[in-house]
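J.: turn this into a structure:
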Amino acid sequence: MAKLLSFRALSFAHPSKQFSLSSPSLSSSSSGQKSKQTSAIIRNQALHLLNRCNTSIHFFQIQAHLITSGLFKDTSFSGRVLKLSSSLICYSCYTFSIFNNIDFPDAFCVNAVIKRAIPAAIIMEKQSVLLRDGNFHPNGFTFPPLISACSKLGRLSLGQMCHGHATKFGVDCVLPVQNSLVHFYACCGLMDVALRVFDKMPIRDLVTWNTIVDGFAKAGDMGLAHQVFDSMPVRNVVSWNVMITGYLDFRNPGNALKLFRKMMISRFVSSDTTVVNVIVACGRSNRLKEGKSVHGHVLKTFLSSSLIIDTAMVDMYSKCGRVDIALVIFDKMPTKNLVSWNTMVLGHCIHGDPIVGIDLYSEMVGKTKTIVNGNCAEPDEITFIGVLCACARLGMLTEGKHYFSQMIDLFEVKPNFAHYWCMANLMARVGLMHEAIHVLTNIPIDDDGDDVSPEYSLWAGLFGSCRFLGDVTLGEWIAKEMIERDPQRFSHYNLLVNIYALAGRWDEVARVKGVMRERGIMKMPSCNMKDLNEIVCSVKEGDVKDLHMARN
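T.: A predicted model of the protein is given here:
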């Protein structure tokens, strides 16, 4: 503060002659020398204050004195002011107002305002910032944030325009620009263009290789992704994570685990991301033994666990049928957020003891005022899927209706198809088949004219935990509805065939199999007596329970 007051006194007592609009002629060389010394002192103090400024209040004071002293017109100061405003001022429009008052911004100023604007996507509406009148020359730092913003927003035409400007100004061969272009075209699904940029690069770093591998993985071409991965001259943990995540995203947990074992043999140190992905792979593939091995690896490698790793462990043990171990881990977690609670509630409601699951829900409701890391432990739509499934398993119709009303009235959660499906299943469990059909045929339509949930995989996933025994009317209706929505999914036909087989309607079984052959649906495995005793659904319940992991 003392230096700020000193700078204020100097700037008002001796305004900068260089930038003053009414600067008088110097009367003598001595007075000119003195003026230069004073100006140098003011400049040095201003630079010192800018370098040490860390609050918005001081920033506004320094900016005001720079304007009154005339120093703001010096681009060396205006650029620093722009950079400071990016970190201290939360309003992007303020940064733009500063930028618009700079007569001849240089590349540093342009880069500073671009970096500030990207988070708010304002630069997308200010495309002229690159073409603004002035003599600045964009450099290699100008285009990467612009191109990255185009990647996040999916603005193909604008990204191509940036590519053209980068070529025009001769910076398209700069490594950061090329890396951002590879990432941009990969994000836009143009892997052929991304590969052309990649092939023309004279120099490639780890970012380049990881970006192209990630592009192929996200495009679903794991063959090419693995081919590029194998040809990488050097790898880091990000390289392995990209491949493991790719296999996991496209439902190949087996290859994800194989790659992890290869990574361990290569003596790479795994990161939190690696461990979480591998734990999820173990849960999805129901590999309890390997999951325990990964758990041991975590205990040996990491000095302390983390919220996301603990939550993944709870999820894995629940899916592998060891809800008891999951509960032990959950109880020992020092912090819990909404995802943690949902994981444990769904684990018991669907895999373990549904009564314990409902008790956990009650405990969760009792702690709705608990906030951990900004996450409130208040139940959401995922929580109530588990609770309503538990009620269906237990045949608790009155309690199920109570929780459904509580979800809407107390927690203001809008029910989706999964919740209505759980209620229909609950009614079917207690013999109210017509009421169940009424629930499903009267599901509200949202403002867009679609069903309240577009996630039709929930149908099959929830049906896997719901056994419609006895009256097959509801099961037949559901199966036909699922086929109508997704006519290429084998599991829907499989469900309908099993329903007809359970009812002894073999002519219908043959008819459905004929339709499957005509439509090119995968050949159905033969039914045995065990299949007739319970309805089998090939879509695993993991499709439902994985939703809560995606919310982290």
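
J.: which residues touch the helix or strand hosting S180?
T.: Using DSSP states H and E, S180 sits within helix 175-187. Applying Cβ atoms under 8 Å, 6 or more residues apart in numbering, the contact partners of helix 175-187 are 140-141, 143-144, 147-148, 150-152, 154, 159, 163, 166, 171-172, 191, 193-194, 197-198, 201, 203, 205, 207-208, 211-212, 214-215, 218-219. Where C-beta positions appear, they are placed from N, C-alpha and C, glycine not excepted.

J.: ranking helices and strands of this protein by mean pLDDT, which lands last?
T.: helix 529-533 (a mean of 28; mean pLDDT, DSSP states H and E).

J.: average pLDDT across the following helix or strand past the helix holding S180?
T.: Sequence-wise, the next helix or strand downstream of helix 175-187 (DSSP H and E) is helix 191-200. Averaged across helix 191-200, pLDDT comes to 92.

J.: how many degrees apart are whichever helix or strand comes after helix 191-200 and helix 175-187 in direction?
T.: Later in the chain than helix 191-200, the nearest helix or strand by DSSP H and E is helix 206-218. Counting by axes from the mean of the first three to the mean of the last three Cα atoms, to 10 degrees, helix 206-218 lies at 0 degrees to helix 175-187.

J.: report the buried residues of helix 206-218.
T.: Neighbour counts over helix 206-218 (16 or more other Cβ atoms under 10 Å) mark V207, T208, W209, N210, T211, I212, V213, D214, G215, F216, A217, K218 as buried.

J.: and the next helix or strand past the helix or strand where V328 lies?
T.: Element membership of V328, judged by DSSP H and E, is helix 323-332. Moving toward the C-terminus from helix 323-332, the next helix or strand (DSSP H and E) is helix 338-346.

J.: contacts for whichever helix or strand comes after that following helix, please.
T.: Heading C-terminal from helix 338-346, the first helix or strand you meet, by DSSP H and E, is helix 354-366. Helix 354-366 has contacts (Cβ under 8 Å, 6+ apart) with 323, 327, 341, 344-350, 377, 379, 383, 386-387, 389-391, 393-394, 399.

J.: pull helix 354-366 out as CSV, backbone CA atoms only.
T.: What follows is helix 354-366, C-alpha atoms only, in CSV (Å, rounded to 0.1, in the frame of the first residue of the first chain):
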residue,chain,number,x,y,z
PRO,A,354,-32.5,-54.0,-0.1
ILE,A,355,-33.5,-53.3,3.5
VAL,A,356,-29.9,-52.1,4.2
GLY,A,357,-30.1,-50.0,1.0
ILE,A,358,-33.3,-48.3,2.3
ASP,A,359,-31.6,-47.7,5.7
LEU,A,360,-28.7,-46.1,3.9
TYR,A,361,-31.1,-43.9,2.0
SER,A,362,-32.7,-42.8,5.3
GLU,A,363,-29.2,-42.0,6.8
MET,A,364,-28.4,-40.0,3.6
VAL,A,365,-31.6,-38.0,4.0
GLY,A,366,-30.7,-37.3,7.6
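
J.: any idea of the angle it forms with helix 338-346?
T.: Angle between the axes of helix 354-366 and helix 338-346 is 150 degrees (criterion: the same axes, to 10 degrees).

J.: give the buried residues for helix 354-366.
T.: Result for helix 354-366 [16+ other Cβ under 10 Å]: buried residues P354, V356, G357, I358, L360, Y361, M364.

J.: okay, the angle between that helix and helix 323-332?
T.: Computed by the same axes, to 10 degrees, the angle between helix 354-366 and helix 323-332 is 20 degrees.

J.: let me see the mean pLDDT of helix 354-366.
T.: Mean per-residue pLDDT for helix 354-366: 89.

J.: where do the domain boundaries of the chain fall?
T.: For the chain, automatic domain parsing gives the domain ranges 1-10+39-137, 457-543.

J.: residue ranges in the protein under the pLDDT threshold?
T.: The chain contains residues with pLDDT under 70 at 1-52, 54, 56, 65, 69-80, 82-136, 368-376, 445-475, 502-503, 522-552.

J.: returning to what we had before: could you dump the buried residues of helix 354-366 into CSV and include distance to Q178?
T.: Listed next are the buried residues of helix 354-366 as CSV, based on distance: Cβ to Cβ, whole Å:
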residue, distance to Q178
P354, 55
V356, 55
G357, 52
I358, 56
L360, 51
Y361, 52
M364, 49
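
J.: ok, which pair from those residues is furthest apart?
T.: Largest separation among those by Cβ to Cβ: P354 and M364, giving 15.1 Å.

J.: which stretches of this structure form strands?
T.: Counting by DSSP state E, one finds strands in the chain at the ranges 371-372, 375-376.

J.: make JSON lines out of the buried residues of helix 206-218 and add distance to A510.
T.: Output for these, formatted as JSON lines (distance: Cβ to Cβ, whole Å):
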{"residue": "V207", "distance to A510": "57"}
{"residue": "T208", "distance to A510": "57"}
{"residue": "W209", "distance to A510": "54"}
{"residue": "N210", "distance to A510": "52"}
{"residue": "T211", "distance to A510": "52"}
{"residue": "I212", "distance to A510": "50"}
{"residue": "V213", "distance to A510": "48"}
{"residue": "D214", "distance to A510": "47"}
{"residue": "G215", "distance to A510": "46"}
{"residue": "F216", "distance to A510": "43"}
{"residue": "A217", "distance to A510": "42"}
{"residue": "K218", "distance to A510": "42"}
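
J.: rewinding a little: hmm, which of the contacts of helix 175-187 are the buried ones?
T.: Those of the contacts of helix 175-187 that meet the buried threshold are 140-141, 143-144, 147-148, 150-151, 159, 163, 166, 171-172, 191, 193-194, 197-198, 201, 207-208, 211-212, 214-215, 218-219, by 16+ other Cβ under 10 Å.

J.: count the residues that sit near T167.
T.: Neighbour count of T167, defined by other Cβ atoms under 10 Å: 12.

J.: measure R284 to S293 for me?
T.: Per Cβ to Cβ, to the nearest Å, R284 is found 16 Å from S293.

J.: neighbour count winner among those two?
T.: Between R284 and S293, counted using other Cβ under 10 Å, R284 has the larger neighbour count: 22 against 16.

J.: pull the contacting residues for the nearest residue to the more buried one once chain neighbours are set aside.
T.: By the measure of Cβ to Cβ, 6 or more residues apart in numbering, the closest residue to R284 outside its immediate chain neighbours is P253, 4.7 Å from it. For P253, the contact set (Cβ under 8 Å, 6+ apart) comprises Y247, V280, A281, C282, R284, S285, R287.

J.: scan those residues and report the most crowded one.
T.: With neighbours taken as other Cβ under 10 Å, the top of these is C282, carrying 29 neighbours.

J.: I'd guessed it sits against S318; true?
T.: No: counting by Cβ atoms under 8 Å, C282 sits too far from S318 to count as a contact (11.7 Å).
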